[in-house]
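Asker: Here is a sequence with its predicted model. Questions after.
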Amino acid sequence: MKKILLVFLFLALANMTVFFLLPQTSPFEESFIYMAVVGPMSGIGQKNGEMMINGIKLYIDKINEEGGIDGKKIELIIKDDKDNARTALDKAFQISTDDRVLIVLGHYGSAASASAGDIYK
């Protein structure tokens, strides 16, 4: 009986040692850092929105190729505010309620930025 107890204690101690020595990762831990980009992705200012996205993607691609930030890749969430203050307000609300989003880049125009700024506060 003592041998069985000793073997059990040894296995329990070995399992605890391995558990505490291995890096702790959770299957629920995000492997991405989410960044929202809001701008005129359609309508009159579409070219400006495209330039925003192209510039941001160039930099993000470089960061992701170098391993990301703390091993996490950056993922873009793109929102179209049509450079319209009312639409910008709606998109800002959507972003502010998305728990994944860490940072927001945008909006393009002054009216859209001022409108959305109240939500981001």
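Answerer: Looks like it arrived, so ask away.
Asker: Count the neighbours of Ala111 for me.
Answerer: The burial count assigned to Ala111 is 14, neighbours taken as other Cβ atoms under 10 Å. Yep, even glycine has a C-beta here, placed from its N, CA and C like the rest.
Asker: which helices and strands does the host helix or strand of Ile53 pack with?
Answerer: Counting by DSSP states H and E, the element that carries Ile53 is helix 46-65. Using 3 or more Cβ pairs under 8 Å, 6 or more residues apart in numbering; DSSP states H and E as the contact definition, the elements that helix 46-65 packs against are strand 32-39, strand 73-80, strand 101-106.
Asker: Next, the angle from the shortest one to strand 73-80.
Answerer: Yep, that's strand 101-106 we're talking about. Relative orientation of strand 101-106 and strand 73-80, computed by axes from the mean of the first three to the mean of the last three Cα atoms, to 10 degrees: 50 degrees.
Asker: Mind giving me the packing neighbours of strand 101-106?
Answerer: Counting by 3+ Cβ pairs under 8 Å, 6+ apart, the packing neighbours recorded for strand 101-106 are strand 32-39, helix 46-65, helix 85-96, helix 110-120.
Asker: Pipe the ones you listed into TSV and attach distance to Ile77 and mean pLDDT per row.
Answerer: Written out in TSV, the entries for these read as follows (distance: least, Cβ to Cβ, whole Å; pLDDT from 0 to 100):
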stretch	distance to Ile77	mean pLDDT
strand 32-39	5	95
helix 46-65	12	95
helix 85-96	8	95
helix 110-120	15	91
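Asker: now Ile78, nearest residue through space, not along the chain?
Answerer: Counting by Cβ to Cβ, 6 or more residues apart in numbering, Val37 is the residue found nearest to Ile78 once chain neighbours are left out, at 5.2 Å.
Asker: Any idea how many residues pack against that neighbour?
Answerer: Neighbours around Val37, by other Cβ under 10 Å: 22.
Asker: Could you do Glu65 as well?
Answerer: 9.
Asker: Same check on Lys79?
Answerer: Residues lying near Lys79 (other Cβ under 10 Å) number 20.
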